[in-house]
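> When you get a sec, could you give me coordinates for this:
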Amino acid sequence: MQLASAPPIEMGIELTASGRAAAAAATTDIAGRLERLPMSGYQRKVFAIIASAWLVDQVDVALLTFLLGSIVVAFGLTPTEAGQLAAMTFAGQLVGNVIAGTASDKFGRKTVFQVTMLVWGFASLAAAAAWSLTALMVCRFLIGVGVGGEAPVAQAMVSEIVPANVRGKYIAFMEGFWAIGYVLSGAISFFVLPYLGWRWAFVIVGLLSMVVLLVRRSMPESPRWLADNGRHAEADAVMSMMEREVERATGKPLPPVAPMITAVAAPVAHQNPILTLFSAEYRLRTVMAFGMWFFALIGFFGLNSWIAVLLKERGFSIVGSVGFVTLITIGGIPGFFTAALMLERIGRKPTTAIYLVCAAVAAYAYGNAVDQTWLFVTGFVMQFFMFGMWSCLYAYTPELYPTRARATGAGFASAFGRIGAILGPMIVPVLVRDYGPATAFQVGAGGFLIAAVLVLTLGVETRGKVLEAVSH
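Model prediction:
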């Protein structure tokens, strides 16, 4: 028999004093029960489900970096058309970030998470059959919508089920799967391009998405989101299931709820999530988050979307440039792992700033490399810090906002990043034409430095704090 749940708290309606007290108690109870759970095989299984989807969708996003040279030849694209094609993925991500992030705060994490994978999986299969530049641009836009929509939901979900003492590390690990996805994308392209062509790369990734979708069905809804939306009986049911699974995984009884957790105040003003982002309490965080994402991504994609093409101009073949980029991207794997450790050791704010500044220095050095050896060394270091930077962005952003606006905040911040990602690939070809290939990396370095300044001046520290404490 299904338990009757308390009526949901409607957006924009002020609760009575007793209603606020009851909502606060219920929400705090779920937070306390979640935070006392030790990390076990159960949470790691849920994390693996989320991270596996993240891995495959990042393979899809990265494909264009490796396939662009072949697509340019296949469709006879001009540099401007190639830039427009690259920008379509980011335009789709922008739309997906906003729509899915907001929808996730309204309708729940699990449902929206499933829908996003269907969108980009089918779009990837459709891209393999694209008969014109226009058709391929539409497919890349839809891939972007699905992948972009998945990002804020995944951030919110992991941050809401993992205890505070390891929360940043696990979100950073999740983002680190992007580095692995990037390398896998390069490997798929390297082995598929010479024999089957670029279309089959899209087919392989589309089929992978369908496999991961089946695995994802066992993921639970976030009990924090259920409680925050007044669905207390459902939150209790999910929470009880998680407690049983953790006890089974550890073979030990659960520790009591810590008093410091139960003392945390729960959110009471259920206003519109977008209005929450710009309220007096969160306004400076929003400026920092939006600006950080915008300038970091204009730097990253301004140089990465064109890196294979620029290598071709330095004498590499299409396949050779793909292989070179794949090799230096391996540097991103220790980069995200190191960032994950530093986020918990020294904090979100200093780690994010350090990786942004070091990425800027490495990007500038790479753009001015004088030979292939130095090109490889600086490229490896550049990818180390750039991928570590991504781990920082994804770990830091969802912690800045309360549950009622967490995915919305992460989604809008990512959307501002996609604006930068759209502008980067469009601006860089013009600058490269007029001032040379090194300009792409100077743009990247400048973007990273501006993002670092925003973090240092407006950022708040969230390391080790319970989400309900950070967001108040």
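
> Just want the most central residue of this structure.
When Cα atoms, centre = their mean is applied to the chain, the residue found nearest the centroid is A151 (4.3 Å).

> check contacts around it.
Q93, G96, N97, Y394, A410, G411, S414 (Cβ atoms under 8 Å, 6 or more residues apart in numbering). To be clear about C-beta, it is placed using only N, CA and C from the backbone, and glycine gets the same treatment.

> What residues of the helix or strand encompassing F47 count as buried?
Taking DSSP states H and E as the criterion, F47 maps to helix 41-75. For helix 41-75, the neighbour count (16 or more other Cβ atoms under 10 Å) marks 42-43, 46-47, 49-72, 75 as buried.

> and the one helix or strand D236 maps to, what other elements does it pack with?
Assigned by DSSP H and E, D236 belongs to helix 232-250. Helices and strands touching helix 232-250, by 3 or more Cβ pairs under 8 Å, 6 or more residues apart in numbering; DSSP states H and E, are helix 17-35, helix 41-75, helix 223-228.

> Of those, give the one that comes closest to A340.
For A340, the closest of those is helix 41-75, at 12.3 Å, according to Cβ to Cβ.

> pLDDT of the following helix or strand past the closest one, averaged?
Using DSSP H and E, the helix or strand that follows helix 41-75 in sequence is helix 79-107. Averaging pLDDT along helix 79-107 gives 82.

> What is helix 79-107 packed up against?
Against helix 79-107 (3+ Cβ pairs under 8 Å, 6+ apart) you get helix 41-75, helix 109-127, helix 133-161, helix 273-277, helix 406-435.

> Which of these sits closest to R244?
It's helix 41-75; of the helices and strands packed on helix 79-107, that one is closest to R244 (Cβ to Cβ) at 9.0 Å.

> That closest one packs against which elements?
helix 79-107, helix 109-127, helix 133-161, helix 167-192, helix 198-215, helix 232-250, helix 307-313, helix 318-329.

> Distance from the chain centre to the third one, please.
Okay, so that is helix 133-161. The chain centre lies 9 Å from the centre of helix 133-161; the measure is Cα atoms, centre = their mean, to the nearest Å.

> what stretches of the stretch 251-400 of the chain score poorly on pLDDT?
258-271, 305-306, 308-322 (pLDDT under 70).

> How many residues are close by G251?
7 (other Cβ atoms under 10 Å).

> With M292 as the reference, measure out to it.
Counting by Cβ to Cβ, to the nearest Å, the gap from G251 to M292 is 42 Å.

> who's in contact with the residue nearest to L400 when sequence neighbours are not counted?
In space, and not counting its chain neighbours, L400 is closest to R285: 4.6 Å by Cβ to Cβ, 6 or more residues apart in numbering. By Cβ under 8 Å, 6+ apart, the residues touching R285 are L400, Y401, L458, V460.

> My read is that the third one contacts F290, right?
Which is L458. No: look at L458 against F290 with Cβ atoms under 8 Å: they stay out of range, at 10.5 Å.

> Looking at those two, which one has more neighbours?
Relative neighbour count places F290 above the other of L458 and F290, with 21 against 17, counting by other Cβ under 10 Å.

> got a list of what that one touches?
F412, A413, F416.

> rerun at 10 Å
L277, T397, G409, F412, A413, S414, A415, F416, G417, I419, L454 (Cβ atoms under 10 Å, 6 or more residues apart in numbering).

> secondary structure element for it?
helix 283-304.

> Return the set of buried residues in that helix.
In terms of neighbour count (16+ other Cβ under 10 Å), helix 283-304 has its buried residues at 285-286, 288-304.

> Extract the C-alpha set from that helix and format it as PDB.
C-alpha atoms of helix 283-304 as PDB (Å, rounded to 0.1, in the frame of the first residue of the first chain):
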ATOM      1  CA  ARG A 283      23.300  37.500  -6.000                       C
ATOM      2  CA  LEU A 284      27.100  37.700  -5.700                       C
ATOM      3  CA  ARG A 285      27.400  33.900  -5.900                       C
ATOM      4  CA  THR A 286      25.400  34.000  -9.100                       C
ATOM      5  CA  VAL A 287      27.600  36.700 -10.600                       C
ATOM      6  CA  MET A 288      30.700  34.700  -9.700                       C
ATOM      7  CA  ALA A 289      29.300  31.400 -11.000                       C
ATOM      8  CA  PHE A 290      28.000  32.800 -14.300                       C
ATOM      9  CA  GLY A 291      31.200  34.700 -15.000                       C
ATOM     10  CA  MET A 292      33.400  31.800 -14.000                       C
ATOM     11  CA  TRP A 293      31.700  29.500 -16.400                       C
ATOM     12  CA  PHE A 294      31.500  32.000 -19.200                       C
ATOM     13  CA  PHE A 295      35.200  32.900 -19.200                       C
ATOM     14  CA  ALA A 296      36.500  29.400 -18.500                       C
ATOM     15  CA  LEU A 297      34.500  27.900 -21.300                       C
ATOM     16  CA  ILE A 298      35.300  30.700 -23.800                       C
ATOM     17  CA  GLY A 299      38.900  29.800 -23.100                       C
ATOM     18  CA  PHE A 300      38.600  26.100 -23.200                       C
ATOM     19  CA  PHE A 301      36.500  25.700 -26.300                       C
ATOM     20  CA  GLY A 302      38.100  28.600 -28.100                       C
ATOM     21  CA  LEU A 303      41.200  26.600 -28.300                       C
ATOM     22  CA  ASN A 304      40.000  23.000 -28.100                       C
END
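
> Could you check how far that helix is from the centre of its chain?
The answer for helix 283-304 is 13 Å, by Cα atoms, centre = their mean.

> go on, stretch 445-463?
Worked out by Cα atoms, centre = their mean, stretch 445-463 lies 18 Å from the chain centre.

> pLDDT on it, on average?
90.

> Helix, strand, or coil at G230?
coil (DSSP: H, G, I helix; E, B strand; the rest coil).

> That one: neighbour count?
Quick note: G230 (other Cβ under 10 Å) scores 22 neighbours.

> now T457
T457: 11 surrounding residues under other Cβ under 10 Å.
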